[in-house]
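J.: From the sequence below, what's the structure:
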Amino acid sequence: MNGGKWVDPAPFEGARPRVPWWMLLPGRVKWLAGVLALVWLAVALVVRLVLVVVRYPVATLVPGLAAWCWLRFGLSPLVLALLSLVCALTVWYGLARESFLRHCWYRLLTEWRRATVYVPRWRTVVRLAELSKDARGREHRPALRRVRSEGWRDRVRVRMIPAQSPEAWELRRDGLAHSFGARSCRVRVLRPRVVELDFVHRDPLLRPLPVPALADSADVDLRRVTVGRTENGKPWRLRLLGSQVLVVGVPGAGKGSVLWSLVWQLAPAVRAGLVRLVGIDPKGGMELGQCPDAFDRVVYDNGPDAVALLEEIAAEVKERATRYRGIRRLWARSTGEPFTVLVVDELADLIAYQPDKQLRERAARAIQTITSQGRAPGYAVVGLVQDPRKEVVSFRHLFTTRVALRLDEPQQVDMVLGDGVRQRGAAAHEISENTPGVAWVKVDGQREPDRARAFHVTDADLVELGLFLAPATVHDFPTRPDGAGEAAA
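T.: Purely as a prediction, here's the structure:
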């Protein structure tokens with residue numbers, strides 16, 4: 001009876017209570033399943049312990065070894081061993097500092113920062129930064145793969161979750177930097193689904209770089225001209241053969257450092273006649289006039305003489321290209337003709353600020369001809385400018401190598417280096433006024449920009465450069481339009 005009513009028990013006859021499927025298995029099968037489960041848990045525990053030891057070898061093996069020595073030999077031998085180890089490390093540091101830092105100190109620092117900074121905070125940070133996702137009750141979280149500390153930065157390798165793009169990390173790099181106690185964060189793509197975060201703690205390019213000694217050999221590789229050092233400690237090399245270079249920076253940012261570092265490294269080839277430098281300085285020679293002996297031709301204004309020189313170089317480009325047709329596709333030293341580098345300081349004075357519209361248009365046409373057609377016949381343009389706006393330099397795309405020194409506005413970074421570069425960490429607008437010559441460098445075909453600093457070329461260095469080039473300039477090069485060659489002779 002249910003609520004005063006009779007219920008027919010027929011529909012419930014023969015019904016069985018629902019039980020778990022494993023309860024229906026025979027006893028031996030259940031016993032075997034239990035044993036397999038215990039074995040699986042033991043294997044999983046061993047694998048996890050091995051992974052912990054592999055990931056944290058110093059943090060796990062060193063304390064374990066110390067505890068075993070204490071129990072096996074006592075406290076006194078352990079203290080003696082530790083003192084001997086400290087003495088050995090001190091001697092190592094004194095004899096080979098770089099080797100000690102690379103093979104010992106940075107490894108210890110890596111273990112420490114991974115165990116105390118990144119692992120404890122990783123889950124919380126990626127959740128709050130909305131870099132993890134929940135799907136069907138399961139959390140998909142980016143995996144922290146590897147940490148490598150280099151003193152001035154920590155390189156953190158991350159495997160992204162499915163359907164995630166590197167742009168999601170680039171948009172949150174400032175928050176990630178503050179969360180992990182770094183000055184800045186940069187995002188680099190290593191391969192599909194794997195990115196590397198560079199957490200920068202200090203600037204390795206704070207100190208000026210003195211120029212190296214002038215080389216006697218004229219064997220200069222025009223594909224790899226060293227003009228400074230990158231923040232990774234590697235040489236900063238600019239490509240001239242097959243490339244055009246645009247250097248942008250506010251006054252005092254160090255455009256002269258890049259220019260004279262390049263001339264300094266080319267000086268042996270200039271003296272040997274393998275490289276020819278041609279210059280235009282609309283500022284009346286305030287920059288290029290510091291070492292005129294380095295140049296075969298030089299003009300110190302933005303008037304008709306400068307435009308005529310540009311048109312002459314453009315005509316040479318076409319004439320040499322005509323002679324190379326059907327013979328070669330790229331200039332080589334075996335041609336017997338010098339590689340020509342056109343240096344234009346304050347490029348905007350020629351193509352944007354020149355009041356004479358006719359001269360301005362002629363100069364723009366000539367420079368565009370040289371930059372677009374000069375790659376194969378052996379002509380390179382090194383243009384220096386302060387204002388990177390499209391209205392000033394409308395043909396920025398013709399410069400395959402772009403150098404961004406200190407800039408005024410964040411938008412100018414993308415103008416110079418390309419869209420999206422600032423989001424990946426190329427903060428040229430944040431370069432300190434106390435570090436002239438520090439720049440971000442972007443080469444066409446290379447996704448990630450490089451940060452570097454040019455050599456610091458002093459006035460005394462320019463005097464030395466002039467003396468180094470003076471004999472070759474007097475005897476080998478033709479007379480310059482300003483008459484400086486005749487005076488020197």
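
J.: where does the protein have low pLDDT?
T.: Within the chain, the segments meeting pLDDT under 70 span 1-31, 52-62, 471-489.

J.: ok so Glu130 is a helix residue?
T.: No: Glu130 is assigned coil when assessed by DSSP: H, G, I helix; E, B strand; the rest coil, not a helix.

J.: Disregarding flanking residues, what is the spatial nearest neighbour of it?
T.: Nearest residue to Glu130, sequence neighbours excluded (Cβ to Cβ, 6 or more residues apart in numbering): Arg172, at 7.8 Å. C-betas here are computed from N, CA, C, even on glycine.

J.: if I pick the one you found, what's in contact with it?
T.: Taking Cβ atoms under 8 Å, 6 or more residues apart in numbering as the criterion, Arg172 is in contact with 129-131.

J.: so what's the closest residue in space to Gly151 that isn't next to it in sequence up against?
T.: Closest residue to Gly151 apart from its sequence neighbours, by Cβ to Cβ, 6+ apart: Tyr106 at 6.3 Å. Neighbour list for Tyr106: 148-151 [criterion: Cβ under 8 Å, 6+ apart].

J.: Turn the residues you listed into a markdown table, including neighbour count.
T.: Listed next are the contacts of Tyr106 as a markdown table, based on neighbours: other Cβ atoms under 10 Å:
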| residue | neighbour count |
| --- | --- |
| Arg148 | 16 |
| Ser149 | 22 |
| Glu150 | 17 |
| Gly151 | 13 |
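
J.: quick one: which of those residues is nearest Arg237?
T.: Nearest to Arg237, judged by Cβ to Cβ, of those is Glu150 at 20.9 Å.

J.: Number of residues surrounding Val225?
T.: Using other Cβ atoms under 10 Å, Val225 is surrounded by 23 other residues.

J.: just Leu108 next, same as before
T.: Neighbourhood size, Leu108 [other Cβ under 10 Å]: 13.

J.: host element of it?
T.: Secondary structure from DSSP states H and E places Leu108 in helix 106-113.

J.: again, but for Arg451
T.: strand 450-456.

J.: And for Leu197?
T.: Leu197 belongs to strand 194-200 when assigned by DSSP H and E.

J.: name the helices or strands packed onto that strand?
T.: In terms of contacts (3 or more Cβ pairs under 8 Å, 6 or more residues apart in numbering; DSSP states H and E), strand 194-200 is packed against strand 153-159, helix 166-170, helix 173-179, strand 184-191.

J.: For it, buried residues please.
T.: Residues of strand 194-200 classed as buried: 195-200 (neighbour count, 16 or more other Cβ atoms under 10 Å).

J.: For Gly336, see how far away the residue nearest to Glu170 when sequence neighbours are not counted is.
T.: Closest residue to Glu170 apart from its sequence neighbours, by Cβ to Cβ, 6+ apart: Gln423 at 4.2 Å. As judged by Cβ to Cβ, to the nearest Å, Gln423 and Gly336 stand 47 Å apart.

J.: Please compare these two by neighbour count and tell me which comes out ahead.
T.: Just comparing Gln423 and Gly336: by other Cβ under 10 Å the higher neighbour count belongs to Gln423, 17 against 8.

J.: List the contacts of that one.
T.: 167, 170-171, 173, 187.

J.: ChimeraX command to pick out the buried ones of those residues?
T.: Listed next is the ChimeraX selection for buried residues among the contacts of Gln423, using 16+ other Cβ under 10 Å:
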select :170,173,187
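
J.: quick one: which two of the contacts of Gln423 are the most distant?
T.: The largest separation in those, counting by Cβ to Cβ, is between Glu167 and Arg173 at 10.7 Å.

J.: Name the residues of the strand or helix carrying Gln358 that come out as buried.
T.: Take DSSP H and E as the rule and Gln358 turns out to sit in helix 357-373. Going by neighbour count (16+ other Cβ under 10 Å), the buried part of helix 357-373 is 359-360, 362-364, 366-371, 373.

J.: Residues contacting it, please?
T.: Outside helix 357-373, the residues that touch it by Cβ under 8 Å, 6+ apart are 244, 302-304, 306-307, 310-311, 313-314, 317-318, 321, 342, 344, 347, 350-352, 354, 379, 381, 383, 394-395, 398-399.

J.: Export only the CA atoms of whichever helix or strand comes after that helix, formatted as PDB.
T.: Using DSSP H and E, the next helix or strand after helix 357-373 towards the C-terminus is strand 379-385. Extracted in PDB, the C-alpha atoms of strand 379-385 (Å, rounded to 0.1, in the frame of the first residue of the first chain):
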ATOM      1  CA  TYR A 379      76.000  48.300 -53.200                       C
ATOM      2  CA  ALA A 380      74.700  48.800 -49.700                       C
ATOM      3  CA  VAL A 381      73.000  51.700 -48.100                       C
ATOM      4  CA  VAL A 382      73.400  52.600 -44.400                       C
ATOM      5  CA  GLY A 383      70.800  55.200 -43.600                       C
ATOM      6  CA  LEU A 384      70.600  57.000 -40.300                       C
ATOM      7  CA  VAL A 385      67.400  58.800 -39.300                       C
END
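
J.: buried stuff in strand 379-385?
T.: 379-385.

J.: quick one on the thing from earlier: tilt between the strand holding Leu197 and strand 184-191?
T.: 160 degrees (axes from the mean of the first three to the mean of the last three Cα atoms, to 10 degrees).

J.: Show me what the helix or strand just after strand 194-200 is packed against.
T.: Of the helices and strands lying after strand 194-200 in sequence (DSSP H and E), the nearest is strand 209-210. Judged by 3+ Cβ pairs under 8 Å, 6+ apart, strand 209-210 is in contact with strand 450-456.
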